[in-house]
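# Dropping the sequence and predicted coords here.
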Amino acid sequence: MLVHGAEWGSLTEVYADALNLYNKDGKTISHQECSRQLYRYFGYGRPDINRAIECTKNRITLIGFGELKDGEAHTYDLPLPFNFSTSKICRRLTATLAYFSSTIPTRQKYRVAQCWFEIENAKDNLIDSRVDTDRYAPTRGTLQHEIFENDDTVVWDENKAIQIKVNCRGDAVKKFHGTIPYALMVSFEIKNAVDIDVYAKVAERIATKVKPNP
């Protein structure tokens, strides 16, 4: 939860200037190299605790958790009942995965197991532009935190959902025994001033899928 609200924000330019991450033309070096350098110094950025502990009209946060064996995966549906085709709506998806893996300190690949999430069933230009870290940095430890943004108009079926798939496999060993506990937090929000009740719309779609215990 602490990391889930974190981002670089305005610190990107401040640290890029302090670390002299510019070429001869005065422009920053490649996004991947800049991301790699900045990630080494301040990880996922400055935490914003309120973003993790409460929702707003334009933002909803969902929590998933479980345990995975070697080769297993859990898939979570995130319904997006919105029309993104009529106007430019700035949308953001933040996903944070934390898990506990035993270690083998004598090996370079010290994690016995690796877990990671993937975004599936999302159309191009829906939520495919990364903010801050590149695609490789978040999967090096046992905490994956990624932010995606986009404001392109895109045809999207309001009855569809994207999937966040949490995977597990052996890392320091080809196959491990036991289970790996994990927790997943996912937030979806609309950033610009559009009168859309994101929380109510998503919560209603999720509630219809929850079956009460007999």
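Received the coordinates, thanks.

# which secondary element of the chain has the worst mean pLDDT?
helix 31-42 (a mean of 75; mean pLDDT, DSSP states H and E).

# Show me what secondary structure element comes after that helix.
Proceeding N to C from helix 31-42, the next assigned helix or strand is helix 49-53, under DSSP states H and E.

# which residue ranges form the strands in this structure?
Using DSSP state E, the strands of the chain run over 59-68, 73-79, 91-99, 113-120, 129-131, 143-150, 161-170, 180-190.

# Once you drop chain neighbours, what's closest to the residue most central in space within the chain?
Closest residue to the average C-alpha location of the chain: Ala95 at 2.4 Å, with Cα atoms, centre = their mean. Among residues not flanking Ala95 along the chain, Val186 sits closest, at 4.9 Å (Cβ to Cβ, 6 or more residues apart in numbering). C-beta here means a position set from N, CA and C on the backbone, and glycine is covered the same way.

# Hmm, Thr139 is touching Trp116, no?
Yes. Under the criterion of Cβ atoms under 8 Å, Thr139 is in contact with Trp116, at a separation of 5.2 Å.

# I'd say the residue nearest to Ala95 and Gln163 touch.
No. Counting by Cβ under 8 Å, Val186 does not reach Gln163; the two are 10.7 Å apart.

# Look at those two and report which has more neighbours.
Neighbour count, other Cβ atoms under 10 Å: between Val186 and Gln163, Val186 has more, with 21 against 14.

# And the least confident helix or strand of the chain, what does it pack against?
Identification of packing neighbours for helix 31-42 by 3 or more Cβ pairs under 8 Å, 6 or more residues apart in numbering; DSSP states H and E yields helix 11-18.

# Counting neighbours, which bits of the helix it packs on end up buried?
Buried residues in helix 11-18, counted by 16 or more other Cβ atoms under 10 Å: Leu11, Thr12, Tyr15, Ala16.

# same question, stretch 156-174
Buried residues in stretch 156-174, counted by 16+ other Cβ under 10 Å: Trp156, Ala161, Ile162, Ile164, Val166, Asn167, Cys168, Arg169, Gly170, Asp171, Ala172.

# Of those residues, which is the nearest to Asp77?
Ala161 (4.4 Å; Cβ to Cβ).

# before we move on, back to that, can you work out which residues contact both of Val186 and Gln163?
Residues touching both Val186 and Gln163 comprise Tyr76, Leu78, with contact defined as Cβ atoms under 8 Å, 6 or more residues apart in numbering.

# got any ranges where the chain has weak pLDDT?
In the predicted model, the chain carries pLDDT under 70 at residues 22-32, 138, 208-214.

# Identify the residues contacting the residue lying closest to Phe100 once chain neighbours are set aside.
Spatially, and ignoring its direct neighbours in sequence, Phe100 is nearest to Pro181 (5.4 Å; Cβ to Cβ, 6+ apart). For Pro181, the contacting residues are Phe65, Gly66, Glu67, Tyr99, Phe100, by Cβ under 8 Å, 6+ apart.

# May I ask which of those has the most neighbours?
For the contacts of Pro181, the largest neighbour count, defined by other Cβ under 10 Å, is 23 neighbours, found at Tyr99.

# Test of understanding: give the bridge partners of that one.
Tyr182 (DSSP bridges).

# isn't it right next to Tyr182, touching?
Yes. Tyr99 lies in contact with Tyr182 (Cβ under 8 Å); the separation is 3.8 Å.
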